[in-house]
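Asker: pasting the sequence and the predicted coordinates here, then a few questions.
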Amino acid sequence: MKRWYVVQVYAGYEDQIKNDLQKRIKETNLEELFGEILIPSTRTKQFFRMGGGGELDEQLFPGYLLIEMESVPEAIRVVVTRPRVIRFLGGTEPAPLTMKEVERIQAQIRGEVVVPIKKHDMEIGKEVEIKEGPFAGFVGLVEKIDEENEKLTVMVSILGRMTPVELNFEQIRG
């Protein structure tokens with residue numbers, strides 16, 4: 001039975017490793033042991049970039065791939081012998097993800113679940129979208145961060161003027 005497994009890889013090489021794995025699976029005629037190979041990412045809006053706004057693909061878990069496969073020695077060997085693959089999560093015996101974990105990750109990929117911003121993800125000058133309160137839907141730039149009180153000051157353009165707005169961490173989406 002195919003289950004989902006997490007593979008740790010060199011960050012920045014996820015696409016190359018995915019393509020290499022798909023090619024190697026075909027070469028070894030092991031397609032029946034494998035399903036999808038995912039690089040968990042989501043689309044994020046960028047409003048204050050040079051050259052105008054747009055969307056960017058942002059990885060949810062840099063340095064990791066999700067592989068749907070049967071946990072048999074041949075399949076494991078094909079994966080771990082690829083260049084830039086570090087290991088399966090779970091030690092010597094790869095640990096499969098639960099269906100609940102897989103569903104949550106797939107919902108994040110589809111944009112149905114908002115990934116909460118971690119305190120260390122926020123930095124001065126970073127663009128954020130306001131998701132709650134009277135300024136919901138506005139986009140601004142972080143001007144000040146008060147981690148102790150979990151508040152930040154965001155500069156928002158209101159009627160053509162940059163105005164400071166104080167928000168809680170939960171009110172924004174990075």
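Answerer: That came through, no problem. Numbering: from 1, shown residues only.
Asker: domains of this protein?
Answerer: Per automatic domain parsing, the domain ranges recorded for the chain read 3-110, 119-173.
Asker: need the helices for this protein, in chain order.
Answerer: 14-27, 73-80, 99-110 (DSSP state H).
Asker: give me the neighbour count for P164.
Answerer: Residues contacting P164 under the criterion other C-beta atoms under 10 Å number 11. Just so you know, the C-beta spots here come from the backbone N, C-alpha and C atoms, and that holds for glycine as well.
Asker: list the contacts of it.
Answerer: Applying C-beta atoms under 8 Å, 6 or more residues apart in numbering to P164 gives the contacts 143, 153-156.
Asker: ok, back up a step: can I get the domains of the chain in JSON lines with mean pLDDT?
Answerer: Putting the domains of the chain into JSON lines (pLDDT from 0 to 100) gives the following:
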{"stretch": "domain 3-110", "mean pLDDT": "86"}
{"stretch": "domain 119-173", "mean pLDDT": "85"}
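Asker: tell me how far G125 lies from V156.
Answerer: 14 Å (C-beta to C-beta, to the nearest Å).
Asker: more crowded one of the two?
Answerer: V156 (17 against 9).
Asker: excluding sequence neighbours, find me the nearest residue to that one.
Answerer: Of all residues not flanking V156 in the chain, G140 sits nearest, at 3.9 Å (C-beta to C-beta, 6 or more residues apart in numbering).
Asker: residue contacts, the one you found?
Answerer: Counting by C-beta under 8 Å, 6+ apart, G140 has contacts 127-128, 130, 154-157, 165.
Asker: just the buried subset of these, written out for PyMOL, thanks.
Answerer: Buried residues within the contacts of G140, by 16 or more other C-beta atoms under 10 Å, are selected in PyMOL with:
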select buried, resi 127+128+130+154+155+156+165
